[in-house]
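In: requesting a structural model of the entry that follows:
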Amino acid sequence: VKESDSEPKGIVPLENLKVEECKLKDRKFTLEIRSDEKFIKSAKTDSGGKMVSGNHEYYRIQASNYEEMMAWMESIRKSISKDPFYAQMQARKKNAMCKQ
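Out: Numbers count the residues shown, from 1 in each chain. All right, here's what the predicted structure looks like:
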């Protein structure tokens, strides 16, 4: 994303996600957004302007310093929504897998 961009390139609904500090040797102050599912639900615009589904297992964001990273994590956590139907479906899915 560039400051000159007037439109977002995509969207990541903050549903049933978790955000944690990501300890990388070569990147300080990095946070990671991930899901219990294989991929995070997202959509982006391709080079032709068409909206397509994203297929990311995680998103990593690097802050300038520790305080900024913590502020980002807190803001994201406050914005994450939990869908009780999602949790119920995950439990049913696990039970079905165990019975196979």
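
In: so where do the strands sit in the protein?
Out: 10-11, 17-24, 27-35, 43-45, 51-53, 58-62 (DSSP state E).

In: could you measure S53 against K99, distance?
Out: Distance of S53 to K99, given as CB to CB, to the nearest Å: 30 Å. Where C-beta positions appear, they are placed from N, C-alpha and C, glycine not excepted.

In: more neighbours: those two, which one.
Out: Neighbour comparison, S53 and K99: the larger count goes to S53, with 10 against 6 (by other CB atoms under 10 Å).

In: pretty sure the more buried one is touching T45, no?
Out: No - using CB atoms under 8 Å, S53 is not in contact with T45; the gap is 11.6 Å.

In: in space, what's closest to S53 - neighbours in sequence excluded?
Out: For S53, ignoring the flanking residues on the chain, the nearest one in space by CB to CB, 6 or more residues apart in numbering is A43 at 5.9 Å.

In: just give me the neighbour total for Q88.
Out: By other CB under 10 Å, the residues close to Q88 number 10.
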